[in-house]
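1. Next comes the sequence, and after it the predicted model I'd like to discuss.
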4 protein chains.
Amino acid sequence: MAREPLPALADFVWHLDIPTRWGDHDSYGHVNNAVHYSVFETTIMRWLEIEHGLATDAGPVRCFTVENGCQYHAPLKHPTTMRCGLRVGHLGSSSVRYELGVFDGHTAVATGFVVDVFVAADTERPTAIPDNYRRVLSLLVRV
Amino acid sequence: MAREPLPALADFVWHLDIPTRWGDHDSYGHVNNAVHYSVFETTIMRWLEIEHGLATDAGPVRCFTVENGCQYHAPLKHPTTMRCGLRVGHLGSSSVRYELGVFDGHTAVATGFVVDVFVAADTERPTAIPDNYRRVLSLLVRV
Amino acid sequence: MAREPLPALADFVWHLDIPTRWGDHDSYGHVNNAVHYSVFETTIMRWLEIEHGLATDAGPVRCFTVENGCQYHAPLKHPTTMRCGLRVGHLGSSSVRYELGVFDGHTAVATGFVVDVFVAADTERPTAIPDNYRRVLSLLVRV
Amino acid sequence: MAREPLPALADFVWHLDIPTRWGDHDSYGHVNNAVHYSVFETTIMRWLEIEHGLATDAGPVRCFTVENGCQYHAPLKHPTTMRCGLRVGHLGSSSVRYELGVFDGHTAVATGFVVDVFVAADTERPTAIPDNYRRVLSLLVRV
């Protein structure tokens, strides 16, 4: 498991601050690993829905996650704020690969990815990424 | 805050066993208080949906919680199984009051209630409890 | 269940903004009722820990919730921000009753309470509220 | 993203049944992807703690997750039971790679992995897997 050097916040295009919640801890007194995935999804969906007005649960397409993963570099303790950086690593014809980093201050404590496939809301079959989504997703491509 | 004597499992009509999950803990190493409410809702909905085939999210009515509450008698530590007892305390024309107890073995560690109002799925306005629901809910009335 | 008029944000002493998360929804497409309790606890603990530097999980005392409750006035849909108002309704010798309101913009969508008992960290038996806590809690009493 | 054929339940050594909870859904009416990771951790910890009496949060070592990942093959709808299969794919000197599958009936709906590193409870630095853990983990190696 060769690990790349940890990214900086500037390596991402956008970020969202998400405060930890009292119940986020696991039995070790750390923020539970599953919470990171909730933070990933929340960051992606905030970008699409709040920043760019795309109605991900009411429009003609939906984004289904087909794969995700995370490397944990340091534990997090509540209360803190998880600063989640977001960029697009690959933009395909019907799928997108998001790359994310969770920062505690300026330190990357976790890095991960989410692959979403666009499906038609009615058939739930893969479909081409609509133009309005593609425009918004392109903004997240790190050049 | 005068507390009634703790109930026994036999004081409830039905119960469901729900194993705790790794992430259920809070910063004190106890099952987070909010988990109890998830257990309450899960028990109620399992009774309606799995035991009695009522489609609570697809049919003409929905059950909206308007009030709930819980008293905590002892902390719970993961891993354990939360045994949740269920009965109906009051069955009105358009609302139902569920009474619940969470047991760790034979000891009541929490007791609570949930008041659900039936609403029409289309208007989301209160409506009379349909007959098929009333029949099922009547089975939970402790006589 | 006679309901009091809904409070305004100004009826609380302090508030915290907590963004909803992607996974907060239940099967009805509303923020799950149990999330409100996580928001209540998070607001209380942020006030004690972040605003006032009280180490609730490392010091000589802990705060155990013995009772809580909530009335739901309107459903919430993700993504939004839950603005949670906080005040102290009663400050006893070893317990405190917090009163809370969840606002969506300026509208109260839920109101609730949490009763915490202070216990000694070693024995987990009730103990008098320490002076440094009492000072901080007194700031939350609405006069 | 070449995908391997989906595993059968018999490809795993042990499994745990975990009922979904009312709040597990996301905005699409599917069990939220983050729940799968909670199910992974719960299955692993149940095996160690309940099946084999290892005190993962009180003994001299702790298991820190350094990486995990999941592929989602089909959405899950609450209420159902997530049957989580468990095996060990690699048992190193101080780390273990768990492989997991989530089944809905006999169909694999998700497959994933969790890499845990053993650390000393006092220093939180990596340490050799203790013999009692190694014995238990060896039982999960699929031969």
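-> Here it is on my side, so go on.
2. Would you mind naming what in chain A lies close to chain B?
-> A:22, A:23, A:24, A:25, A:26, A:27, A:29, A:32, A:34, A:35, A:78 (CB under 8 Å from any CB of the partner chain). Where C-beta positions appear, they are placed from N, C-alpha and C, glycine not excepted.
3. Which among these count as buried?
-> Among the residues of chain A next to chain B, the ones that count as buried by 16 or more other CB atoms under 10 Å in any protein chain shown are A:22, A:23, A:24, A:25, A:26, A:27, A:29, A:32, A:34, A:35, A:78.
4. quick one: which of the residues you listed is nearest residue B:116?
-> Set against residue B:116, the nearest of those by CB to CB is residue A:23 (23.4 Å).
5. How about the contacts made by the closest residue to that closest one other than its chain neighbours?
-> The shortest distance from residue A:23 to any non-neighbouring residue, by CB to CB, 6 or more residues apart in numbering or on different chains, is to residue B:32 (3.9 Å). For residue B:32, the contact set (CB atoms under 8 Å, 6 or more residues apart in numbering or on different chains) comprises A:22, A:23, B:24, B:25, B:26, C:38, C:41.
6. tell me the contacts of the nearest residue to residue A:50 once chain neighbours are set aside?
-> Spatial nearest neighbour of residue A:50, excluding adjacent residues (CB to CB, 6+ apart): residue C:79 at 5.7 Å. If a contact means CB under 8 Å, 6+ apart, then residue C:79 has A:42, A:45, A:46, A:49, A:50, C:19, C:20, C:22 as its contacts.
7. now the spatially closest residue to residue A:105 that is not a sequence neighbour: how far from residue A:20?
-> Computed as CB to CB, 6+ apart, the closest residue to residue A:105 that is not its neighbour in sequence is residue A:83, at 7.9 Å. When distance is defined by CB to CB, to the nearest Å, residue A:83 is 11 Å away from residue A:20.
8. now residue A:11
-> Distance, residue A:11 to residue A:20, by CB to CB: 23 Å.
9. so where's the longest helix in chain A?
-> When chain A is parsed with DSSP state H, its longest helix is helix A:33-46.
10. Contacts for it, please.
-> In contact with helix A:33-46 (CB under 8 Å, 6+ apart) are residues A:15-16, A:18, A:20, A:24, A:26, A:56, A:63, A:65, A:68, A:70, A:72, A:82, A:84, A:86, A:98, A:100, A:102, A:110, A:112, A:114, A:116, B:23, C:19-23, C:79, D:26-27, D:32-35, D:37-38, D:41, D:65, D:68.
11. Keep only those of those residues that are in strands.
-> Among these, the members found in strands (DSSP state E) are A:15-16, A:18, A:63, A:65, A:68, A:70, A:72, A:82, A:84, A:86, A:98, A:100, A:102, A:110, A:112, A:114, A:116, C:19, D:65, D:68.
12. so residue A:110 makes contact with residue A:102?
-> Yes: counting by CB atoms under 8 Å, residue A:102 is a contact partner of residue A:110 at 4.2 Å.
13. follow-up on the earlier one: which of the contacts of residue B:32 scores worst on pLDDT?
-> In terms of pLDDT, the lowest of these is residue B:26, showing 78.
14. That residue reaches residue A:26, doesn't it?
-> No: the pair residue B:26 and residue A:26 does not pass the contact test of CB under 8 Å, sitting 9.7 Å apart.
15. For ChimeraX, write the selection for the buried entries among the contacts of helix A:33-46.
-> The ChimeraX selection below is limited to those of the contacts of helix A:33-46 classed as buried (16+ other CB under 10 Å):
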select /A:15,16,18,20,24,26,56,63,65,68,70,72,82,84,86,98,100,102,110,112,114,116 /B:23 /C:19,20,21,22,23,79 /D:26,27,32,33,34,35,37,38,41,65,68
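16. what's near enough to touch residue A:71?
-> Contact partners of residue A:71, counting by CB under 8 Å, 6+ apart, are A:3, A:110, A:111, A:112, D:66, D:67.
17. gap between the last one and chain C?
-> The spacing between residue D:67 and chain C, counted by CB to the nearest CB, to the nearest Å, is 21 Å.
18. Quickly list what that residue is bridged to.
-> residue A:71, residue D:115 (DSSP bridges).
19. roughly how far apart are the spatially most central residue of chain A and residue A:17?
-> Most central in chain A under CA atoms, centre = their mean is residue A:40, positioned 3.4 Å from the mean C-alpha point. Computed as CB to CB, the residue A:40 to residue A:17 distance reads 14 Å.
20. Show me where chain A dips below the pLDDT cut-off.
-> Along chain A, the model assigns pLDDT under 70 to residues A:1-3.
21. my guess is residue A:117 contacts residue A:62, does it?
-> No: using CB under 8 Å, residue A:117 makes no contact with residue A:62, being 9.4 Å away.
22. Which of the helices or strands spans residue A:29?
-> Following DSSP states H and E, there is no helix or strand that holds residue A:29.
23. ok, it - contacts?
-> Contacts for residue A:29 were tallied using CB under 8 Å, 6+ apart; they are A:77, B:27, B:29, C:57.
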